[in-house]
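J.: I'll drop the sequence and a predicted model, then ask my questions.
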Amino acid sequence: MKKGKKMTLTLPAEELMACGHLACQGCGATLAMRYMLKALGQKTALCIPACCWSVIDGPYPYSSLDVPVYHCAFETAASTATGVKAGLEMTGDTETTVVAWAGDGGTFDIGLQALSGAAERNEDIIYVCYDNEAYMNTGIQRSSATPYGAWTTTTPVKHFKARPKKDIVAILAAHRIPYIATASISHPEDFVKKMTKAKGIKGTRFFHVYAPCPTGWKSRPDDTVKLARMAVQNAYFPLFEIEDGLRTTLNLKLKEKKPINDYLRLQGRFRHLNEAQIAELQAEVDARWERLLKGCGA
Amino acid sequence: MKKVMMGNHALSYGAMLSRSQVIAAYPITPQTQVVELLSEMCADGTLDAQFIKVESEHSAMASCIGASVAGARAFTATSAQGLALMHEMLHWASGGRHPIVMGNVNRSMAPGWSIWTDQNDSLSQRDTGWMQYYCSSNQEVLDTVIQAFKVSEALMIPAMVVLDAFALSHTYEVVDIPDQAVVDKYLPPFKPEIRLTPSDPRAFGGLTGSEHYFELRYKLQKDMEKAPALIEETGREYEKLFGRTLGLVDPYRCDDAEFVFVTSGTAGFTARVAVDDLRKSGVKAGNLRIKVFRPFPFVKVREILQKVRKAAVVDRNCSYGAHGIFYQEVKSALYGEAGMPPVFGYVTGLGGRDITVDSFKEVAAHALAKDKADEEIVWIGVKK
């Protein structure tokens, strides 16, 4: 930076998340919440099902958020948010953005039916899945978002997960909802930009947010942002958006797609994988990337 | 205005006159006409409400909870399997203190598949913290929905308005539809003290440690204990405006009765024919119809039954391994009080088998011939 030049703030300065929350050190999900609220502002209502955030927010009678929160049942993020939106509208509040904020277990697994129902009806809600690739709040059990090869307490090293991660974005795209985006805590400008865009769209909007979990991934807390960035750069978690389930746009083009090795090596959950198994995971990432590029018309 | 309508439509009219603002429902036989009519009312503007066509009963209750916490009056209706699927959310609605009103058409639980009536579906939800009203006529169904909203919103406790499958849900009766302006006077708009809104950001239902949870449930019970008096009071208020009273119980020829059938739901009206017949043959019979099951009207039941020589509880349900459920409740209401009559327990009509006047005469013949109740369930009309 040249002398005398002022840095321009690219993110809203307003903080709607307070310190004193109960997250683990290096939690990706807290950054995700912070960026989302910066984009959506105070006129937001959250429905949070069972997930890490039902603890992070703070126990009764506390909350670390300056927006209203309804802690709802595990499988009901989408259906509760649907009801909240309808209830607010019927009592004269048509402005508040209603957000269902769920983890990967609550989205990919137990909440999928309610999410599919809400998406098919095109309910006027934003659904955010912060994905840490396992049931972390209950102590690291596999979900259908857990990737091939990963250790969890229910996929032990001797019997690690042999199936790939469920393609939740493709499932949502098949519902032809107006807006879907992936976002990463390593790219806050992109995150806030897309969330701001989503705020202005009516109907069901879905965000798949990558949120590393040092506790569950056996990684260093200070590597959280680094891991998220690596996942974007090696196309493990590319940044893109899909409009109306049809038009896919890549938000960050990769000049050089890096191999996933370095990314895996920073995480204890992949430590047991041999070369052939890493090659299999690499092949899965490559195939997904090719499909995405094809979908973008590239 | 008087109109001939089915029991299910009486629920719809009750929800409409109560000015329900959000309705989230899923179809199930024999409840379907309730929500069909409501969806039409929402579509043609008769009712200013949002109708959410959810993909399951579980989501129906979740959406009602969301709407209620946002400050809207929420209604749904279901039956049997649908109610069982909602079970988790029933606890959520009462624990979160969301005064939702739900119609439940009593249908037997599968397997085998049955669409016919008995009470095991709603009685299995006994301990969820919901009020439960069991109706005997279409008029009572309509009136009770309106009253249920008034009581529920005063106490912030949800309520179930229950009616028998087919015997009431699909039976057409003349129903007096109250005037909307008078209903509005009786039931003002829902204005909860605290609601989910960005202008007053709060967290609802967060992690609650053992230092707080106990008190939340204590308060639920203390408010539930206020319900009997409030139901009676709002029932009298209803009578002043509409000429029909709504109480906890509905006694028939009990004042001088020596032998009383205790019933719930439509079976109560059948019992009354048997009562009249028995009186003609010299038996001083009566019928105590229990309208409100939760909160259980312990005092009313005691007041009426302490004057009789024998009571026979006729249950269209069974708590397997124990007894008929109303039978257990009635016995617990009388236990330990001096001068209470022996109480006989009968189970009949499961899976929609008819409960006839003869069924009641069989009950009477059995009870009148004995001094002491049997330890085991006495089954009426079963092919052994």
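T.: Yep, it's here.
J.: Only C-alpha atoms from now on, for both contacts and neighbour counts.
T.: Fine.
J.: Next, find the distance separating the residue of the stretch 201-350 of chain B found nearest chain A from A:Ser64.
T.: Chain A sits closest to B:Pro201 of the stretch 201-350 of chain B, with a gap of 4.1 Å, by Cα to the nearest Cα. Using Cα to Cα, to the nearest Å, one obtains 11 Å as the distance from B:Pro201 to A:Ser64.
J.: Repeat that for B:Thr234.
T.: For B:Thr234, the distance to A:Ser64 - Cα to Cα - is 42 Å.
J.: what's B:Asn106 sitting at in phi/psi?
T.: According to degrees, to the nearest 10, the main-chain angles of B:Asn106 amount to phi -60, psi 120.
J.: got the contact list for B:Pro295?
T.: Counting by Cα atoms under 8 Å, 6 or more residues apart in numbering or on different chains, B:Pro295 touches B:131-132, B:224-225, B:227-228.
J.: For chain B, see how far away A:Gly26 is.
T.: 22 Å (Cα to the nearest Cα, to the nearest Å).
J.: and if you look at A:Ala134?
T.: Distance from A:Ala134 to chain B, by Cα to the nearest Cα: 21 Å.
J.: Over to A:Thr182?
T.: 26 Å.
J.: And A:Leu239, by the same measure?
T.: 31 Å.
J.: ok, that residue - contacts?
T.: A:181-184, A:232, A:250-252.
J.: could you redo the last one with a cut-off of 10 Å?
T.: Going by Cα atoms under 10 Å, 6 or more residues apart in numbering or on different chains, A:Leu239 touches A:181-184, A:187, A:190-191, A:208-210, A:231-233, A:249-253.
J.: near chain A, which residues of the stretch 101-250 of chain B show up?
T.: Within the stretch 101-250 of chain B, the positions near chain A by Cα under 10 Å from any Cα of the partner chain are B:190-191, B:195-209, B:212-213.
J.: again, only using 8 Å
T.: By the rule Cα under 8 Å from any Cα of the partner chain, the part of the stretch 101-250 of chain B lying against chain A is B:196-209.
J.: Now the two most distant members of those residues.
T.: Using Cα to Cα, the pair of those lying farthest apart is B:Ser199 and B:Gly209, separated by 27.1 Å.
J.: neighbours around the residue lying closest to the residue of the stretch 201-350 of chain B closest to chain A once chain neighbours are set aside, how many?
T.: Closest residue to B:Pro201 apart from its sequence neighbours, by Cα to Cα, 6 or more residues apart in numbering or on different chains: A:Pro68 at 4.1 Å. Using other Cα atoms under 10 Å in any protein chain shown, A:Pro68 has 24 neighbouring residues.
J.: Over to B:Leu350?
T.: 22.
J.: Just give me the residue right at the centre of chain A.
T.: Central residue of chain A (Cα atoms, centre = their mean): A:Val209, 1.9 Å from the mean position.
J.: before we move on, which element is that residue in?
T.: strand A:205-210 (DSSP states H and E).
J.: And B:Ser152, by the same measure?
T.: Judged by DSSP H and E, B:Ser152 forms part of helix B:138-155.
J.: same for that helix, what does it pack against?
T.: Here helix B:138-155 touches helix B:7-17, strand B:101-106, strand B:159-164, strand B:172-176, helix B:213-242, going by 3 or more Cα pairs under 8 Å, 6 or more residues apart in numbering or on different chains; DSSP states H and E.
J.: what's the most buried one of the ones you listed?
T.: strand B:101-106 (a mean of 30; mean count of other Cα atoms under 10 Å in any protein chain shown).
J.: Okay, angle between that one and strand B:159-164 too, please.
T.: 20 degrees (axes from the mean of the first three to the mean of the last three Cα atoms, to 10 degrees).
J.: pLDDT of strand B:101-106, averaged?
T.: Taken as a whole, strand B:101-106 has a mean pLDDT of 98.
J.: May I have the strands that pair with it, each with its orientation?
T.: Here strand B:101-106 has these sheet partners by DSSP bridges: strand B:74-79 (parallel), strand B:159-164 (parallel).
J.: Which residues does the last one contact?
T.: Put plainly, it is strand B:159-164. B:7, B:99-107, B:117-119, B:122, B:130-136, B:141, B:144-145, B:148-149, B:152, B:169, B:265-266.
J.: In helices, which of the contacts of A:Leu239 appear?
T.: Secondary structure assignment by DSSP state H places A:190-191, A:231-233 of those in helices.
J.: Please report the distance of the closest residue to A:Ala231 other than its chain neighbours from B:Ser137.
T.: Distances taken as Cα to Cα, 6+ apart place A:Phe237 nearest to A:Ala231, at 5.2 Å, with adjacent residues excluded. Using Cα to Cα, we find A:Phe237 at a distance of 61 Å from B:Ser137.
J.: These two: which is more packed in?
T.: For A:Phe237 versus B:Ser137, neighbours defined as other Cα under 10 Å are more numerous around B:Ser137 (25 against 21).
J.: I figured the more buried one was touching B:Ser264, is that so?
T.: No. B:Ser137 lies out of contact with B:Ser264 (Cα atoms under 8 Å); the separation is 11.4 Å.
J.: And what about the residue in the stretch 101-250 of chain A positioned nearest to chain B, helix, strand or coil?
T.: The stretch 101-250 of chain A approaches chain B most closely through A:Gly117 (5.5 Å), counting by Cα to the nearest Cα. Here A:Gly117 is helix, with the state taken from DSSP: H, G, I helix; E, B strand; the rest coil.
J.: which stretches of the stretch 201-350 of chain B have low pLDDT?
T.: Judged against pLDDT under 70, the stretch 201-350 of chain B has no low-scoring part.
J.: Walking through it, point out its helices one by one.
T.: B:213-242, B:267-280, B:298-305, B:325-334 (DSSP state H, counting those that start in this stretch).
J.: Those helices into TSV, with extra columns for distance to B:Leu85?
T.: Shown next, in TSV, are the helices of the stretch 201-350 of chain B (distance: least, Cα to Cα, whole Å):
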stretch	distance to B:Leu85
helix B:213-242	23
helix B:267-280	27
helix B:298-305	30
helix B:325-334	21
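J.: Quick one: closest of the ones you listed to B:Ala369.
T.: helix B:267-280 (14.4 Å).
J.: how about that closest one: buried residues?
T.: By neighbour count with 16 or more other Cα atoms under 10 Å in any protein chain shown, helix B:267-280 contains the buried residues B:267-276, B:278.
J.: got a list of contacts for that helix?
T.: B:136, B:252, B:261-263, B:284-289, B:355-358, B:360-361.
J.: Separate out the buried members of the residues you listed.
T.: Using 16+ other Cα under 10 Å, the buried ones in those are B:136, B:252, B:261-263, B:284-289, B:355-357, B:360-361.
J.: what's the closest of these to A:Ala283?
T.: B:Ser136 (66.5 Å).
J.: Next up, the contacts around the closest one.
T.: By Cα under 8 Å, 6+ apart, the neighbours of B:Ser136 are B:163, B:168, B:264-269.
J.: The stretch 1-150 of chain B: helices as residue ranges?
T.: Going by DSSP H, counting those that start in this stretch, the stretch 1-150 of chain B shows helices at B:7-17, B:32-43, B:57-69, B:80-85, B:87-95, B:120-123, B:138-155.
J.: Cool, thanks, signing off.
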